[in-house]
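Colleague: Model the following, please.
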Amino acid sequence: MQSDPSGISNDRAEVRSLDDGQAVLAVGPSQTPVYLPEDDLPAGAEPGTWVILDLQLQPPMVLGIDEELTHSKRT
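Modeller: Presented below is the predicted three-dimensional model:
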């Protein structure tokens, strides 16, 4: 898992749905929902895509797509 310069690990979340400009992400083992504007997602993110999040910020910041995790979950 990647970490920022502070050494804090970034979290992963699955994009669960995109509806009316809002993205619903499922974070962590408990699948806690996080709601963000769809425009905050990287290009190409769709339901089933796993993204890297910085949850230390409010609102959380999406840092990018975790291509490896997304691929492994889809196969």
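Colleague: can you give me the strands in this protein?
Modeller: Applying DSSP state E to the chain gives strands spanning 11-19, 22-27, 32-37, 50-54, 61-65.
Colleague: could you dump these to JSON lines with distance to His71 and mean pLDDT?
Modeller: C-beta here means a position set from N, CA and C on the backbone, and glycine is covered the same way. JSON lines is the format used below for the strands of the chain (distance: least, C-beta to C-beta, whole Å; pLDDT from 0 to 100):
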{"stretch": "strand 11-19", "distance to His71": "13", "mean pLDDT": "96"}
{"stretch": "strand 22-27", "distance to His71": "18", "mean pLDDT": "97"}
{"stretch": "strand 32-37", "distance to His71": "22", "mean pLDDT": "95"}
{"stretch": "strand 50-54", "distance to His71": "9", "mean pLDDT": "95"}
{"stretch": "strand 61-65", "distance to His71": "10", "mean pLDDT": "96"}
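Colleague: what's the nearest residue to Asp39 if we skip its chain neighbours?
Modeller: Gly21 (7.4 Å; C-beta to C-beta, 6 or more residues apart in numbering).
Colleague: With adjacent residues omitted, what lies nearest to Asp11?
Modeller: In this structure, Asp11 finds its nearest non-sequential neighbour in Leu53, 4.7 Å apart by C-beta to C-beta, 6+ apart.
Colleague: distance of that neighbour from Thr75?
Modeller: Between Leu53 and Thr75 the computed distance is 23 Å (C-beta to C-beta, to the nearest Å).
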